[in-house]
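Asker: give me a model of this one.
(one chain, ligands or ions: 1)
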Amino acid sequence: MTTKKNDAREIALKVINDIETNGAYANIALNREINRQLSQGQLSDQDRRFITELVYGTVKAGATLDWMLSSYLSRPLTKVAPVIRNILRLGMYQLFFLEKVPASAACNQAVELTKKYGHAGTVKFVNGVLRNAARSPEKIVYPDPDKQPVQYLALKYFHPEWLITRWVARLGAAACQELCQLNNTTPPLSIRTNTVKTSRPELLQRLTDEGVTCELSDWAPEGIICYGHPGLNTLASLRAGLFQVQDESSMVVAHILDPQPGEFIIDACGAPGGKTTHIAALMNNTGKVLSTDIYEHKLALTRENASRLGLTNIETRALDAVNLDSMYPLKADRVLVDAPCSGLGVLRRKPDSRWRKTEDILQDLPRLQSAILASAARCVKPGGVLVYSTCTTEPEENQDIVQAFLQVQPQFSLETTGQYLPGKKRPATMLQLWPHTDGVDGFFIARMRRQN
Ligand SMILES: C[S@@+](CC[C@H](N)C(=O)[O-])C[C@H]1O[C@@H](n2cnc3c(N)ncnc32)[C@H](O)[C@@H]1O
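Answerer: Numbers count the residues shown, from 1 in each chain. Reported below is the predicted structural model:
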């Protein structure tokens with residue numbers, strides 16, 4: 001049985017209300033509702049895609065939709081009831097950003113939803129606003145890109161102004177536009193071959209047989225990019241532990257750490273275990289990887305992943321990494337600090353994350369990142385290796401942290417990170433990957449060695 005198109009819009013509205021009213025995360029709220037519909041056997045693939053497009057699009061474009069709506073309203077949008085506001089946003093998104101939806105359908109269906117969730121007055125209001133927008137799109141005038149590049153890029157490409165201000169200052173307007181455009185795309189699924197159980201060519205063949213369209217990654221020797229696949233959870237190769245879902249830039253980190261069989265390695269911020277399991281596999285299931293995290297419930301995911309992948313050289317421990325040095329002083333051959341960060345390099349993965357962050361995090365997080373790095377460094381044996389990584393693009397969390405650390409810890413020195421890059425070699429001592437130029441998640445990686 002398939003859902004009628006307007007039922008799909010109603011499901012999208014429900015999810016958007018949940019996100020706005022209850023602060024639900026977009027991906028979690030959407031998956032919950034889709035699974036509920038699927039369990040009742042009421043959702044076709046086409047509907048699932050349409051609902052996802054409506055929810056993610058409306059959430060991503062939220063500030064722009066509100067600004068567009070203001071051209072057709074005589075009172076502030078904040079004075080409109082939340083559910084009606086969301087009906088208007090959904091309608092505007094379809095009118096202006098979904099070419100395949102006829103304007104009449106976008107308006108009529110919004111009116112139908114308002115009949116259900118509003119009253120006679122709001123029905124007239126929604127009808128008037130959306131039909132006016134459909135008739136007179138020229139009322140929407142974007143800021144001049146030359147005179148107001150920040151405002152223009154923020155509205156046109158759905159990003160907060162504070163972030164655009166930073167990126168325009170660092171990258172210039174043209175590169176900032178490319179980055180924002182990339183952040184609005186959906187990344188393909190990338191996976192890491194579990195080399196303890198299979199090889200990449202074998203897995204590629206197995207996935208092809210399972211109906212996955214895939215190709216080899218240029219970035220990591222275990223990486224495979226999947227462009228089309230039946231539901232991930234339906235793949236027997238996943239259940240058999242033949243691969244782990246992981247972005248390509250995240251795979252690069254374990255190679256730069258370069259773990260060796262038999263070593264003792266600490267992954268200080270390890271959950272849910274993407275890099276821990278990679279390190280363990282590179283050690284060919286020998287030695288020990290101690291994967292610590294402040295949250296025990298996240299470490300349970302690390303253990304689940306390790307067990308599915310058949311890795312027995314991983315131990316987990318819940319602790320605050322700021323205190324790591326009191327437990328493992330000078331004990332580890334290598335330590336990875338994949339620090340908690342703002343996640344500004346992975347905005348394309350979560351449509352609402354750009355609106356949940358404020359510039360304040362760039363003042364708060366560096367204190368924690370520095371404290372974890374300093375403590376983790378004291379666990380490295382003389383001659384051992386320390387790697388610091390984040391999935392962000394901002395210097396306060398990246399280069400500044402490493403430089404400040406090196407100033408007070410002269411026994412550590414930077415090594416050329418690029419020489420450990422398995423695929424694309426580059427000379428950088430502090431590697432910053434960018435989505436728009438590298439085609440992978442934005443990541444920062446620095447490799448250091450302790451002399452004595
Ligand atoms: C970027 S994520 C790690 C991702 C992980 N390395 C992977 O590849 O799957 C950062 C982790 O740091 C953890 N964390 C945050 N504050 C911490 C602290 N003070 N001590 C230890 N872990 C912390 C978070 O719970 C989160 O799991």
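Asker: contact partners for residue 131?
Answerer: residue 107 (C-beta atoms under 8 Å, 6 or more residues apart in numbering). (Glycine included, C-beta is placed from N, CA and C.)
Asker: now do it, the pLDDT please.
Answerer: With respect to pLDDT, residue 131 scores 97.
Asker: the lengthiest strand in the chain near the ligand anywhere?
Answerer: When the chain is parsed with DSSP state E, its longest strand is strand 380-390. No. Using C-beta under 6 Å from any ligand atom, we find that strand 380-390 stays clear of the ligand, coming within 7.1 Å at best.
Asker: number of nearby residues for the closest residue to the ligand within the stretch 1-150 of the chain?
Answerer: Relative to the ligand, the nearest point of the stretch 1-150 of the chain is residue 25 (15.4 Å; C-beta to the nearest ligand atom). Neighbours of residue 25 under the rule other C-beta atoms under 10 Å: 16.
Asker: buried ones in the helix or strand following the longest strand of the chain?
Answerer: Following strand 380-390 in sequence order, the next helix or strand is helix 399-408 (DSSP states H and E). Across helix 399-408, burial judged by 16 or more other C-beta atoms under 10 Å covers 401-402, 405.
Asker: check stretch 80-93 too.
Answerer: Residues of stretch 80-93 classed as buried: 80, 83-93 (neighbour count, 16+ other C-beta under 10 Å).
Asker: a markdown table for the residues you listed, including distance to the ligand, pLDDT and secondary structure?
Answerer: Below are the buried residues of stretch 80-93 laid out as a markdown table (distance: C-beta to the nearest ligand atom, whole Å; pLDDT from 0 to 100; DSSP: H, G, I helix; E, B strand; the rest coil):
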| residue | distance to the ligand | pLDDT | secondary structure |
| --- | --- | --- | --- |
| 80 | 38 | 95 | coil |
| 83 | 35 | 97 | helix |
| 84 | 38 | 97 | helix |
| 85 | 34 | 97 | helix |
| 86 | 32 | 97 | helix |
| 87 | 37 | 98 | helix |
| 88 | 37 | 98 | helix |
| 89 | 31 | 98 | helix |
| 90 | 33 | 97 | helix |
| 91 | 37 | 98 | helix |
| 92 | 35 | 98 | helix |
| 93 | 31 | 98 | helix |
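Asker: does anything pack onto the longest strand of the chain? Which helices or strands?
Answerer: Packing contacts for strand 380-390, counted by 3 or more C-beta pairs under 8 Å, 6 or more residues apart in numbering; DSSP states H and E, involve helix 248-257, strand 332-338, helix 361-377, helix 399-408, strand 443-450.
Asker: next up, phi/psi of the residue in the chain sticking out farthest from the centre, please.
Answerer: The centre of the chain is farthest from one residue, residue 120, which by C-alpha atoms, centre = their mean lies 41.6 Å away. Note on residue 120: backbone dihedrals following degrees, to the nearest 10 are phi -50, psi -40.
Asker: per-residue confidence for it?
Answerer: 93.
Asker: contact partners for residue 18?
Answerer: By C-beta under 8 Å, 6+ apart, the contact set of residue 18 is 24, 29, 33.
Asker: in what helix or strand does the second one lie?
Answerer: This points to residue 29. helix 26-39.
Asker: export that helix as PDB, just CAs?
Answerer: Output of helix 26-39 as PDB, limited to C-alpha atoms (Å, rounded to 0.1, in the frame of the first residue of the first chain):
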ATOM      1  CA  ALA A  26      16.200  15.700  12.400                       C
ATOM      2  CA  ASN A  27      17.700  12.300  11.400                       C
ATOM      3  CA  ILE A  28      16.400  10.700  14.600                       C
ATOM      4  CA  ALA A  29      12.900  12.200  14.400                       C
ATOM      5  CA  LEU A  30      12.700  11.300  10.700                       C
ATOM      6  CA  ASN A  31      13.900   7.700  11.100                       C
ATOM      7  CA  ARG A  32      11.500   7.200  14.000                       C
ATOM      8  CA  GLU A  33       8.500   8.300  12.000                       C
ATOM      9  CA  ILE A  34       9.600   6.400   8.800                       C
ATOM     10  CA  ASN A  35      10.100   3.200  10.800                       C
ATOM     11  CA  ARG A  36       6.700   3.600  12.400                       C
ATOM     12  CA  GLN A  37       5.100   4.000   9.000                       C
ATOM     13  CA  LEU A  38       7.100   1.100   7.600                       C
ATOM     14  CA  SER A  39       6.000  -1.200  10.500                       C
END
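Asker: which strands and helices lie in contact with that helix?
Answerer: helix 5-22, helix 45-60.
Asker: contact partners for the closest residue in space to residue 426 that isn't next to it in sequence?
Answerer: Of all residues not flanking residue 426 in the chain, residue 418 sits nearest, at 4.1 Å (C-beta to C-beta, 6 or more residues apart in numbering). The contact partners of residue 418, taken as C-beta under 8 Å, 6+ apart, are 425-429, 431.
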